[in-house]
Every structure is written in C-alpha cells, then in structure tokens.
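[1] The amino acid sequence is not available; the structure is as follows:
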C-alpha cells in the first residue's frame, strides 16, 4: 500500500483525515505537525506524496516544502490553503507543487488525488 505524509499543525484535522483515508484502505497515512517532524518522517519513510498546510502555527508550509525539496528535489507535494487568493497568485509551477487543495478539505477529493499517484 502506498504511503503519504500529511503535515498540519491541527491535530484534529490530522486525525480525522488519517482515519477517513485509512478506513478506505487507500493509503498508509503518515503525519507530522511541524517542519522538524516532517523532515524526519519523510526521510524515514519516503512517502509517495506530501500534503502540507500553508500555515503551520509559527512555521510556513512553504519553508517546509523548500526543506523537503532540498532532501528530494522530486518530492510530489500539494499545499492545503484556505486562502484562494494565495493559490490564484502563486502558480503551482512556481512553487514546484502538483496542486492546491482549498480548505475546507474534502476527504473524498483527497482520496481521488491519492489514488491517482
């Protein structure tokens, strides 16, 4: 089974997405709440894709993305954001991501993306 890493500082969000996706046996879900955890989990597990919240408390999802790309320039990444204007003004190609997922997150949309990996 493929694995994906979801990075979000909201523990409730991480838990509900993990349960929803794993219940459907689509992927093994790895989680992290900050940059330090993200890098450790990524290096230890080499997931097929990474889903990063744009705002991680005091940290930036963009900074996490840059650090992951320093480890693996080919990382497949998506950004979660509630700021549609940010997504509209920052083309995914510019950031080197596969796409944006606009909050509120639809678990079924996330499953479709994971299945397509």
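    Great, that's in hand. The structure displayed is predicted, hence computed values, not measured ones. Residues are numbered from 1 along each chain as shown.
[2] Any idea which residue is closest to the centre of the chain?
    In the chain, the C-alpha nearest the mean C-alpha coordinate belongs to residue 51, at 0.8 Å (Cα atoms, centre = their mean).
[3] mind checking the SS state of that residue?
    For residue 51, the secondary-structure state derived from DSSP: H, G, I helix; E, B strand; the rest coil is strand.
[4] Assess the claim that it and residue 111 are in contact.
    No: here residue 51 does not reach residue 111: they are 11.8 Å apart, not a contact under Cβ atoms under 8 Å. (Each C-beta comes from the backbone N, C-alpha and C, glycine too.)
[5] And for the chain, the residue most distant from the center?
    Within the chain, residue 89 marks the point farthest from the mean C-alpha position, 19.6 Å out by Cα atoms, centre = their mean.
[6] pLDDT at it, what is it?
    We have a pLDDT of 91 for residue 89.
[7] How about the one 4 residues further on?
    Taken from the predicted model, the pLDDT recorded for residue 93 is 93.
[8] Quick check: the gap between the nearest residue to residue 24 once chain neighbours are set aside and residue 81.
    Distances taken as Cβ to Cβ, 6 or more residues apart in numbering put residue 111 closest to residue 24, at 6.4 Å, once the chain neighbours are dropped. For residue 111, the distance to residue 81 equals 19 Å [Cβ to Cβ, to the nearest Å].
[9] how near is residue 25 to residue 111?
    From residue 25 to residue 111 the distance is 10 Å (Cβ to Cβ).
[10] need the strands for the protein, in chain order.
    3-7, 28-32, 49-53, 55-56, 59-60, 77-81, 99-102 (DSSP state E).
[11] For the second one, name the packing helices and strands.
    Other helices and strands packing on strand 28-32, by 3 or more Cβ pairs under 8 Å, 6 or more residues apart in numbering; DSSP states H and E, are strand 3-7, helix 11-23, helix 35-45.
[12] Could you list the residues in contact with it?
    With Cβ atoms under 8 Å, 6 or more residues apart in numbering as the test, strand 28-32 has contacts from 1-8, 14, 17-18, 21-22, 38, 40-41, 45, 47.
[13] Likewise for the third one?
    Strand 49-53 is contacted by residues 4-10, 13, 38, 42, 61, 64-65, 68, 75-81, 98, 101, 110, 113-114, 117 when judged by Cβ under 8 Å, 6+ apart.
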